[in-house]
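predicted model and sequence follow; I will ask about them next.
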Amino acid sequence: MEDLKGKTAFITGGASGLGLAMAHAFGEAGMNVMLADIEEAPLAKAVADLEARQIRTASVICDVADRKAVEAAAAKTIEAFGKVHLVANNAGVGVGGPVGDVKPADWDWIVAVNLMGVVYGTETFLPLIRSHGEGGCIVNTASMAGLISAPGMEPYSATKYAVVALSEGWLRQLAPENIHVAVLCPGFVKTKINQSGRARQAQYGGPVVSEIVQNSFVDNGIDPERVGKRVLESVLAKDPYIFTHPDMRAFVQGRFAAIMAGFDAADASPALEGMDYRTPTLTPADS
């Protein structure tokens, strides 16, 4: 997608934070923007903001944890703009806590939104992108917590690791169709992720205060607008990984060093000595 002008972007969690910042960046690049969010008042405010910027926009209330709601949002996107080219599966929530203390409803909620929301968004919109044959892009919002797991954030990290895995696999599957897949892995950004429980659905226990990291870490994070511009850069460059905090490189290198040390231990293992097994090379058709 080298030319975005006149094309359409669908963004979940679009009423604020990263989603709205992406809408600004995509819209200023000439795209039509369909904003999807679970909160009605912030969504209306976001639409007014985009319209004031002369960005062609529409909106839809959408709970990404509900496949039928995502399908309805897709239909409204086509009704409004005719085609969709870019899907940003961005909506996310945060839950954490000591091992054994995380409530079943919290697990259900974070998996439904952070993981299944990405699945539903991709499975619903992919046929629509394929249908026009003009290529497209899927941007999935994960986190640096999808590459490094901090104690107490395991439910959040587990869903974000899963989003990284989905994105890596889909990238290889869809590249031959000129459909690019990228995964966004930001560090701390000034968003409302620590307030995500404010809109928790009734089936998961209703609104709740959910703080997975210190509020000061979020409040002192980078400006979401920088992230939106970074995503736009990466979409145009077809980057598979979108990073926003270069200073976190050392954390990832530390994790990979520990993984490589595990392979070194396997190389030296008496239990594996003399083994002549070789793992086959997997292709998409084999896996």
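Ah, there it is.

show me what the worst-scoring helix or strand of the chain on mean pLDDT is packed against.
Ranked by mean pLDDT, DSSP states H and E, the helix or strand of the chain with the weakest confidence is helix 215-219, at a mean of 77. Here helix 215-219 touches no other helix or strand, going by 3 or more C-beta pairs under 8 Å, 6 or more residues apart in numbering; DSSP states H and E. Bear in mind the C-beta positions are built from the backbone N, C-alpha and C, glycine included.

name the helices or strands packed onto the helix or strand that that helix is followed by?
Using DSSP states H and E, the helix or strand that directly follows helix 215-219 along the chain is helix 224-237. Applying 3+ C-beta pairs under 8 Å, 6+ apart, we find helix 224-237 packed against helix 17-28, strand 136-141, strand 179-185, strand 241-243.

for the stretch 151-287 of the chain, which spans come out with low pLDDT?
210-214, 283-287 (pLDDT under 70).

would you map the helices across it?
Along the stretch 151-287 of the chain, the segments classed as helices by DSSP state H, counting those that start in this stretch run 154-174, 215-219, 224-237, 249-267.

for residue 7, which of the ones you listed is the nearest?
Closest approach to residue 7 among these (C-beta to C-beta): helix 224-237, 10.7 Å.

buried ones in the closest one?
Residues 224-225, 227-232, 234-235 are the ones in helix 224-237 that count as buried (16 or more other C-beta atoms under 10 Å).

export those as CSV, with columns for distance to residue 20.
As requested, these are exported to CSV (distance: C-beta to C-beta, whole Å):
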residue, distance to residue 20
224, 7
225, 9
227, 11
228, 8
229, 13
230, 15
231, 12
232, 14
234, 18
235, 17
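
and which of these is nearest residue 89?
residue 231 (12.3 Å).

state the distance from the nearest residue to the closest one once chain neighbours are set aside to residue 89.
Leaving aside its sequence neighbours, residue 231 sits nearest to residue 22 (C-beta to C-beta, 6 or more residues apart in numbering; 5.4 Å). Using C-beta to C-beta, to the nearest Å, residue 22 is found at 11 Å from residue 89.

any residues in contact with both of the two?
Each of residue 139 lies in contact with both residue 22 and residue 89 under the rule C-beta atoms under 8 Å, 6 or more residues apart in numbering.

report the contact partners of the most centrally placed residue in the chain.
Geometric centre of the chain, nearest residue: residue 141, 1.7 Å, by C-alpha atoms, centre = their mean. Counting by C-beta under 8 Å, 6+ apart, residue 141 touches 13, 18, 88-92, 163, 183-184, 186.

at 7 Å instead, please
Residue 141 makes contacts with 18, 89-90, 92, 184, as judged by C-beta atoms under 7 Å, 6 or more residues apart in numbering.

same check, this time on residue 185
Contacts here follow C-beta under 7 Å, 6+ apart; on that basis residue 185 touches 142-144, 146-147, 241-243.

residue 60 now?
34, 36, 73, 76.

phi, psi for residue 7 please.
phi -90, psi 170 (degrees, to the nearest 10).

ok, for it, nearest residue in space, not its chain neighbours?
residue 85 (4.0 Å).

so that neighbour touches residue 6, yeah?
No. Between residue 85 and residue 6 there is no contact under C-beta atoms under 7 Å: 9.3 Å.

compare these two (neighbour count), which wins?
Taking neighbours as other C-beta atoms under 10 Å, residue 85 and residue 6 compare with residue 85 leading, 23 against 12.
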